[in-house]
Every structure is written in structure tokens, then in C-alpha cells.
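In: give me a model of this one.
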Amino acid sequence: MSANVDQAELRKFGELAHRWWDPNGTMRPLHEMNPLRLDWIDGIAPLAGQRVLDVGCGGGILAESMAARGAQVTGIDLADKPLQVAELHALESGARVNYRKAAAEELAQEMPAAFDVVTCMEMLEHVPDPAQTVRACAALARPGGAVFFSTINRNPKSFLFAIVGAEYVLRLLPAGTHEYAKFIRPRELAQFARTAGLTMVEILGLTYNPLTRRFALGGDTDVNYLMACRRS
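Out: Just a heads-up that it's a prediction; the model follows:
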């Protein structure tokens, strides 16, 4: 598999790297949703003692929290500045995470079937070929291993909520964070997963209440959603 990367996306997140660990800054939504997605992952594939790969780890919010649950975590990304932030924060926090600059496709050739759990969260909508990333994640998981994805649905409601609402009205995210054309319908992601040899275990929606400023997991997959799979 060849590298599957959009240089403009790398630059975009590189410019935000210095704000990654500010819970009230640009990355506030990631900080607020992280406990939910962490508990969800840990409930399906208990993390303690497991070898875990976080694909597109960014500044390390999820990677560190999985390490705190007792996992042996490797985080990979292709954006230099977020990786530097992740490494620095791990030094400050004492988190045991191995960070590498690597593409999932590259690592899948180097370390096939090496991980008990693979996570790829809020990344698929930022790569040119999401199906290729799904295949790489599947190849990195051991047989029977768990693979987790999260991304954004593609429909008028998701355009209104994830772009207009989140980026321009509520300003939860910087304008231009997402491109509607790159959003992925659940049935499309499910097809990518099946083709890659994954079996879907669960799909949940992630919703945001602007009044309480809280995220919640539930059955509404119209905008943000998470998908858990197992490698056959």
C-alpha cells in the first residue's frame, strides 16, 4: 500500500498543534468526547495489557488515555508538529506511549497482525482514500483483534451541524476543519470494513448538546458516529 495523505491536511493540523492540550481551546471537542470514546473502546476490547495502535494520533489525547488504562500504546501520525506535542506532553505527564512518524499503510507492511486493538478516530474524513486506511487498519490487527473507527456521516444534517454549526455558529472548531465531500456514510464505511476482512460489531452515534456542552453516545448516527469491528 502507498502512503495515503493530504499535505494540506497535515499543514492544517500542524498549525493547531500548540493548542492540542488546551481543554478550553481549539481541541476542546476532542477533550470533551474523549472519556466517552475511551469507555466505549475499553468496554468492547478491555485495554489493560493489550498492544494498541492509535492511527492518526495527533497530539496524543486518546493514546495517553488508553495507556492510562494499562495498554501498551503506539501512536502514529504523519504531521510533525502534533507528534512533537504528543511526545512532549508524554514526557510531562509520564504517559508511556511510543510515538512514531509513520503511515498506517507503511506500518501494515512492517508489522502485519501485530496489534490487539487498532483505533482510527476522527481521521478517515481527512485522507484521500479512506478505504485504503481501513484496509491498513485491518491488516495491522491480529486475527480476532478489535478495530475502531469514528468519522462523520454525509447528508444535509451533517453539513448543517458539523460544518455550519460546529465551525461557524458555535465555533467549536476552526473554520475549514472539514470538507463535506470527504464525509463518509455508515454504509460506505461498513462496506470498506467488509472488503478489508472486518466484521462490524457495533455502530453508535455521537451527539452534542450546545446548551449543556456535553457529548453523548446513542442511536443517532446522522452526524458523528463510531464503528467497532473485529478482524475475521
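
In: give me every residue that touches the residue nearest to Met123 when sequence neighbours are not counted.
Out: Nearest residue to Met123, sequence neighbours excluded (CB to CB, 6 or more residues apart in numbering): Gly56, at 3.4 Å. Heads up, the C-betas are built off the backbone N, CA and C, glycines and all. Each residue near Gly56 by CB atoms under 8 Å, 6 or more residues apart in numbering is listed here: 76-77, 104, 120-123, 126.

In: now stretch 152-160 - C-alpha only, PDB.
Out: Taking Å, rounded to 0.1, in the frame of the first residue of the first chain, the C-alpha atoms of stretch 152-160 are listed here in PDB:
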ATOM      1  CA  ILE A 152     -18.800  12.000  10.100                       C
ATOM      2  CA  ASN A 153     -21.900  11.000   8.100                       C
ATOM      3  CA  ARG A 154     -22.600  12.700   4.700                       C
ATOM      4  CA  ASN A 155     -26.100  14.200   4.500                       C
ATOM      5  CA  PRO A 156     -27.700  17.600   4.700                       C
ATOM      6  CA  LYS A 157     -28.000  17.400   8.500                       C
ATOM      7  CA  SER A 158     -24.300  16.600   8.900                       C
ATOM      8  CA  PHE A 159     -23.400  19.600   6.700                       C
ATOM      9  CA  LEU A 160     -25.600  21.800   8.900                       C
END
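
In: please identify the buried residues of that stretch?
Out: By neighbour count on 16 or more other CB atoms under 10 Å, the buried set for stretch 152-160 is 152-154, 158-159.

In: format the contacts of Gly56 as a markdown table; extra columns: secondary structure and neighbour count.
Out: As requested, those are exported to a markdown table (DSSP: H, G, I helix; E, B strand; the rest coil; neighbours: other CB atoms under 10 Å):
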| residue | secondary structure | neighbour count |
| --- | --- | --- |
| Ile76 | strand | 21 |
| Asp77 | strand | 26 |
| Ala104 | helix | 28 |
| Cys120 | strand | 25 |
| Met121 | strand | 22 |
| Glu122 | coil | 21 |
| Met123 | coil | 22 |
| His126 | helix | 21 |
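
In: for the residues you listed, which one is nearest Asn24?
Out: Glu122 (18.9 Å; CB to CB).

In: hey, where'd the helices end up in this structure?
Out: Counting by DSSP state H, the chain has helices at residues 7-15, 28-44, 61-68, 80-93, 104-110, 130-140, 156-158, 186-195.

In: out of those helices, the one nearest Ala216 is which?
Out: For Ala216, the closest of those is helix 28-44, at 7.4 Å, according to CB to CB.

In: run through who's touching the closest one.
Out: Applying CB under 8 Å, 6+ apart, the contact partners of helix 28-44 are 22-23, 47, 58, 61-62, 65-66, 69, 117, 119, 121-122, 146, 148, 150, 166, 172-173, 201-202, 204, 206, 208, 213-217, 226, 228.

In: which residues does the nearest residue to Glu202 once chain neighbours are set aside bridge with?
Out: In space, Glu202 comes closest to Ala228 once its chain neighbours are excluded; the distance is 4.6 Å by CB to CB, 6+ apart. Ala228 has these beta-bridge partners by DSSP bridges: Phe148, Glu202.

In: may I have stretch 205-222 as PDB, with CA atoms only?
Out: Provided in PDB are the C-alpha atoms of stretch 205-222 (Å, rounded to 0.1, in the frame of the first residue of the first chain):
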ATOM      1  CA  GLY A 205     -23.900   7.900  17.100                       C
ATOM      2  CA  LEU A 206     -22.100  10.700  18.900                       C
ATOM      3  CA  THR A 207     -24.300  13.800  19.500                       C
ATOM      4  CA  TYR A 208     -23.600  17.200  21.100                       C
ATOM      5  CA  ASN A 209     -25.900  19.300  23.100                       C
ATOM      6  CA  PRO A 210     -24.900  23.000  22.800                       C
ATOM      7  CA  LEU A 211     -26.900  24.000  25.900                       C
ATOM      8  CA  THR A 212     -25.200  21.600  28.300                       C
ATOM      9  CA  ARG A 213     -22.000  21.500  26.200                       C
ATOM     10  CA  ARG A 214     -21.900  17.700  26.600                       C
ATOM     11  CA  PHE A 215     -21.400  14.900  24.200                       C
ATOM     12  CA  ALA A 216     -23.500  11.700  24.400                       C
ATOM     13  CA  LEU A 217     -23.400   8.200  22.700                       C
ATOM     14  CA  GLY A 218     -26.700   6.900  21.300                       C
ATOM     15  CA  GLY A 219     -28.500   5.700  18.300                       C
ATOM     16  CA  ASP A 220     -28.400   8.900  16.300                       C
ATOM     17  CA  THR A 221     -25.700   8.300  13.600                       C
ATOM     18  CA  ASP A 222     -26.800  11.200  11.400                       C
END
